[in-house]
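**Q** Curious how this folds, go ahead:
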Amino acid sequence: MKKTLLAALLTAMAAGAQAEINVGVTLSATGPAASLGIPEKNTIDLMPKMIAGQKVNYIVLDDASDTTTAVKNTKKLISEHKVDVVIGSTTSPNSLAMIDVVAEGETPMISMAAAARIVEPMDEKRKWVFKTPQNDAQMSTALVEHMTSNNIKTVAYIGFSDAYGEGWWNEFAKIAQARKLTLVANERFNRADTTVTGQILKILSAKPDAVLIGGAGTPAALPQKSLKEKGYKGVIYQTHGVANNDFLRVCGKDCEGTVLPSGPVLVVAQLPADNPVKKSAQEYVSKYEAAHGKGSVSTFGAHAWDAGLLLANAVPGALKKGQPGTREFRAALRESLEQTKNLSAAHGVFNMSAQDHLGFDQRARVLVTVKQGAWTFIK
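**A** The predicted model follows:
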């Protein structure tokens, strides 16, 4: 009788342990992408600790902006910590490198990086991968529309010499050429570079009306400062990869007049009241600033917040098909994420499908400029 009761107690304890949802997170809290990864890490602390009656544990690892470490972290989260889902990483190269690992481990992943290649083209590996930042193509379209509306005819490009810079070039070049813009230069630089003088001199010799910098975080300030130092007077565009206050701090007065696309959360206070994202974006801003001070919010932290919203929305459906800690639950969670509909988040409204693991439309983007050292919504 005692043995029977003990067995029943152990079974109940095991079931209770399995009921806890383990979320693995790898992000770039140090290294060149730290200005993106730190607000993401801060945001993890704001995520729900209970979802649908289940306790949620977050295991957070720093990949130091390094691709090899991101892969190592992902393997550790899946094999040692037995996580039900992976959130990460911060950068496109890291996220792309993680795809094979999560697919092999049959563990859903929600990336906080922008490159469209993270979720496209859909295949047997990418069916396990979702992401929260807007695609390069969406943001490129917004920039090209602004360029053509402002009589810009020629554009030079300088971007990271990695998947982020290449992805932006591919998407931007395709849309720009379709709209009859002439691309006069295509240069690259590394995230850790301290000078880009050679590349900037080549760009200046092409005499472009505008320059697009395909970078992210504080390293993207380097080409802009170099352009200003050399006396460039044309329009400078950046990508949504610089939409945080650390970029403004590093770039300083050289940022003035910069134009970039961004998620609505960056200028949420300036949005019209009927914007469908305003309410959900304000909720994130309010919670983040309550924890870290007024003006501390970042679009990158909001990508992490949106990953948490996706997870909270998907878990109840997944629990109907499996218990946390099991292969069945991970598969059900993947299916539930894929079925996300009309979920208002900090960056847009998610409507996913089997072929679209981002699910954003044009409500997920606005154009902003830097005016007197602050982000300003372009109406």
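**Q** now the longest helix seen in the chain: mean pLDDT?
**A** The longest helix of the chain (DSSP state H) is helix 299-319. Taken as a whole, helix 299-319 has a mean pLDDT of 97.
**Q** counting contacts, what elements does it pack onto?
**A** Here helix 299-319 is seen to pack against strand 21-27, helix 34-44, strand 50-51, strand 85-88, strand 109-111, helix 278-292, helix 327-338, strand 343-344 when contacts are counted using 3 or more CB pairs under 8 Å, 6 or more residues apart in numbering; DSSP states H and E. Glycine gets a C-beta too; all of them are placed from N, C-alpha and C.
**Q** if we go to 7 Å?
**A** helix 34-44, strand 85-88, helix 278-292, helix 327-338, strand 343-344 (3 or more CB pairs under 7 Å, 6 or more residues apart in numbering; DSSP states H and E).
**Q** need the strands for the stretch 101-250 of the chain, in chain order.
**A** 109-111, 129-131, 154-160, 182-189, 210-214, 235-238 (DSSP state E, counting those that start in this stretch).
**Q** Distance from the first one to the middle of the chain?
**A** Put simply, strand 109-111 sits 10 Å off its chain's centre (CA atoms, centre = their mean, to the nearest Å).
**Q** likewise the last one?
**A** The chain centroid and the centroid of strand 235-238 are separated by 21 Å under CA atoms, centre = their mean.
**Q** Output it as CSV, restricted to C-alpha atoms.
**A** Taking Å, rounded to 0.1, in the frame of the first residue of the first chain, the C-alpha atoms of strand 235-238 are listed here in CSV:
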residue,chain,number,x,y,z
VAL,A,235,20.1,62.4,-47.7
ILE,A,236,21.3,59.6,-45.5
TYR,A,237,18.9,56.7,-44.9
GLN,A,238,19.3,54.0,-42.3
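**Q** So which elements touch that strand?
**A** strand 210-214, strand 259-262.
**Q** make it 8 Å
**A** Right, strand 235-238 is packed against helix 136-149, strand 210-214, helix 221-229, strand 259-262 by 3+ CB pairs under 8 Å, 6+ apart.
**Q** would you turn those into TSV with mean neighbour count?
**A** Formatted as TSV, the helices and strands packed on strand 235-238 follow (neighbours: other CB atoms under 10 Å):
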stretch	mean neighbour count
helix 136-149	20
strand 210-214	27
helix 221-229	21
strand 259-262	25
